[in-house]
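Engineer: Model the structure of this input:
(one chain, ligands or ions: 1)
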Amino acid sequence: MDYCTALREVLKHSIVWIEAQSCSGETVMILRSGCQGLEDLFFHSSPVKFVSLFCEEKSGKEILENILQMTDFVLVIEGAIPSDDSLCTFGGYSCTQVIKLLAERAHSVVAVGSCAVNGGILREAGSKGVKEVIGDRKKVFEVPGCPASPQMMVATIYYALGGKGGA
Ligand code: SF4
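Structural biologist: Numbering: from 1, shown residues only. Next up is the predicted model:
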């Protein structure tokens, strides 16, 4: 299976993709991979829910409530999580709270990029990686790199789907 086919298959599944304290490098790597029709698929016609926590929107609470009704999804997190809750909020919750709530409902969790793995370049400023935030509640699949390789991200999400990626 080539990369674009694998990516399209993965994006047919229920994925909540969260951007925390991120430069969007991983999202850009996926979107710039040259696969035809990908932008539309990623943002509009796939079940993927893409949420940027770093810039709170007016409708943040509504989006969050909808996502929190979901079950059986893969939670993908891009970007670090700041220790100072006021630096990252969404829908009236801190990023830390949102990620913990979503991780409880997700069937698996994938951290993409070094910021999500261990705080990356923001670690010196007190930011953390996903594992440090959610603890041992759930296994976290990690894809380090700055930015993470799109092939490795797709392969890991496919694996996290439990083999359903090619169904
Ligand atoms: S790991 Fe690198 S590319 Fe990814 S969010 Fe952090 S700084 Fe950006």
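Engineer: how many neighbours does the residue of the chain found nearest the ligand have?
Structural biologist: When scored by C-beta to the nearest ligand atom, the chain has Gly25 as its residue closest to the ligand, at 2.3 Å. For every residue, glycine as well, the C-beta is placed using N, CA and C. As a burial measure, Gly25 scores 19 neighbours (other C-beta atoms under 10 Å).
Engineer: dump the residue contacts of it.
Structural biologist: Applying C-beta atoms under 8 Å, 6 or more residues apart in numbering to Gly25 gives the contacts Glu78, Gly113, Cys146, Pro147, Ala148.
Engineer: rerun that using 7 Å as the cut-off
Structural biologist: Listed by C-beta atoms under 7 Å, 6 or more residues apart in numbering, the contact partners of Gly25 are Gly113, Cys146, Pro147.
Engineer: Reformat these into JSON lines and put distance to the ligand, neighbour count and secondary structure next to each item.
Structural biologist: JSON lines is the format used below for the contacts of Gly25 (distance: C-beta to the nearest ligand atom, whole Å; neighbours: other C-beta atoms under 10 Å; DSSP: H, G, I helix; E, B strand; the rest coil):
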{"residue": "Gly113", "distance to the ligand": "3", "neighbour count": "28", "secondary structure": "coil"}
{"residue": "Cys146", "distance to the ligand": "3", "neighbour count": "13", "secondary structure": "coil"}
{"residue": "Pro147", "distance to the ligand": "4", "neighbour count": "21", "secondary structure": "coil"}
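Engineer: so which of the residues you listed comes closest to Ile157?
Structural biologist: Gly113 (13.1 Å; C-beta to C-beta).
Engineer: Just to check, that closest one is in contact with Glu142?
Structural biologist: No. In this structure, Gly113 is not within contact of Glu142 by C-beta atoms under 7 Å, at 9.5 Å.
Engineer: quick one: Cys115 is in a helix?
Structural biologist: Yes. With DSSP: H, G, I helix; E, B strand; the rest coil as the criterion, Cys115 is assigned to a helix.
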